[in-house]
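> Using only what follows, build the 3D model:
(one chain, ligands or ions: 1)
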Amino acid sequence: MPITDPELIAIFEKRVLNKKVCRKCGALNPPSAVKCRRCRSKNLRPKKKR
Ligand SMILES: [Zn+2]
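The predicted structure follows:
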């Protein structure tokens, strides 16, 4: 049974998309992160919606 509940999809998308990605190592960081948690680089970009 596929998930079709729009509320669930919205929550899921928020959790997945509301993150920052390190340009150096590709690690996912919390949206409030300033430094990468893995390599401590400040080269983070927000993950964009499509
Ligand atoms: Zn990194």
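
> Return the residues in contact with the spatially most central residue of the chain.
A centroid search over the chain (C-alpha atoms, centre = their mean) returns K19, at 2.4 Å, as the residue closest to the centre. Taking C-beta atoms under 8 Å, 6 or more residues apart in numbering, we find K19 in contact with L28, N29, P30, P31, P46, K47. For the C-beta atoms, the positions are set from N, CA and C on the backbone; glycine is no exception.

> residues in this structure within reach of the ion, list them.
C22, K24, C25, A27, C36, R38, C39, S41 (C-beta under 5 Å from the ion).

> Skipping adjacent residues, who's closest to the last one in space?
Closest residue to S41 apart from its sequence neighbours, by C-beta to C-beta, 6 or more residues apart in numbering: K24 at 4.3 Å.

> One more: the third one?
Nearest non-adjacent residue to C25, counting by C-beta to C-beta, 6+ apart: C39, 4.7 Å away.

> Would you confirm that that neighbour contacts C22?
Yes: using C-beta atoms under 8 Å, C39 makes contact with C22 at a distance of 6.5 Å.

> if you count what's nearby, which of the two comes out ahead?
Shown here are C39 and C22; by other C-beta atoms under 10 Å, C22 has more neighbours (21 against 12).

> The more buried one against R38, yeah?
Yes: counting by C-beta under 8 Å, C22 touches R38, with 6.8 Å between them.

> before we move on, back to that, next up, the contacts around the residue nearest to C25.
Neighbouring residues of C39 by C-beta under 8 Å, 6+ apart: C22, K24, C25, A27.

> Now the buried members of those residues.
Buried residues within the contacts of C39, defined by neighbour count using 16 or more other C-beta atoms under 10 Å: C22, A27.

> In the contacts of C39, find the pair that's most separated.
Farthest-apart pair in the contacts of C39 is K24 and A27; separation 8.4 Å (C-beta to C-beta).

> Find residues that contact each of the two.
Common neighbours of K24 and A27 (C-beta under 8 Å, 6+ apart) are C36, C39.
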